[in-house]
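>>> need a structure here:
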Amino acid sequence: MIKADLVQAVASNLGLDRVVVKAVLDDAMSEVRKAIAKKDSVYLRGFGTFSAKLRKEKRGQNISAKETVIIPEHYVPHFKPCPDFKEQVAE
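I've put the predicted structure just below:
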């Protein structure tokens, strides 16, 4: 499923115009991105939690130059599904 499919499904389920649903979905995703960029978590009950996770500094390998490089610590986006979501996917 891609974003256009999601917009179509929600618009059909709620009887709303696709343009309105797309605008709401785009704005919601934008707000989630902003919150994670500020290192805040976004908890959606029954779905899961979006957050920024700190990755520690580590060594990496530059294959073309055949040398070891240090990858500094940095934040990456992280999603943790709620237990009900995990259970539903496992079935």
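>>> Specify the local secondary structure of residue 75.
State at residue 75, reduced to three classes by DSSP: H, G, I helix; E, B strand; the rest coil: strand.
>>> burial count for it?
Using other C-beta atoms under 10 Å, residue 75 is surrounded by 13 other residues. Bear in mind the C-beta positions are built from the backbone N, C-alpha and C, glycine included.
>>> How about residue 7?
Neighbours of residue 7 (other C-beta under 10 Å): 20.
>>> so who does it touch?
Residue 7 makes contact with 18, 21-22, 25 under the criterion C-beta atoms under 8 Å, 6 or more residues apart in numbering.
>>> switch to 10 Å and redo it
16, 18-26 (C-beta atoms under 10 Å, 6 or more residues apart in numbering).
>>> ditto for residue 45
82, 84.
>>> Check the gap between it and residue 34 for me.
Distance, residue 45 to residue 34, by C-beta to C-beta, to the nearest Å: 20 Å.
>>> what sits against residue 84?
Residue 84 sits next to 45-48 when contact means C-beta under 10 Å, 6+ apart.
>>> oh, I was asking about residue 25
3, 6-7, 10.
>>> can you confirm it is in a helix?
Yes. Residue 25 sits within a helix when classified using three-state DSSP.
>>> Return the per-residue confidence for it.
We have a pLDDT of 96 for residue 25.
>>> Tell me how far it lies from residue 51.
On the measure of C-beta to C-beta, residue 25 and residue 51 end up 20 Å apart.
>>> domain assignment for this structure?
1-38, 40-91 (automatic domain parsing).
>>> Could you give the average pLDDT over the last one?
Here domain 40-91 scores 94 as its mean pLDDT.
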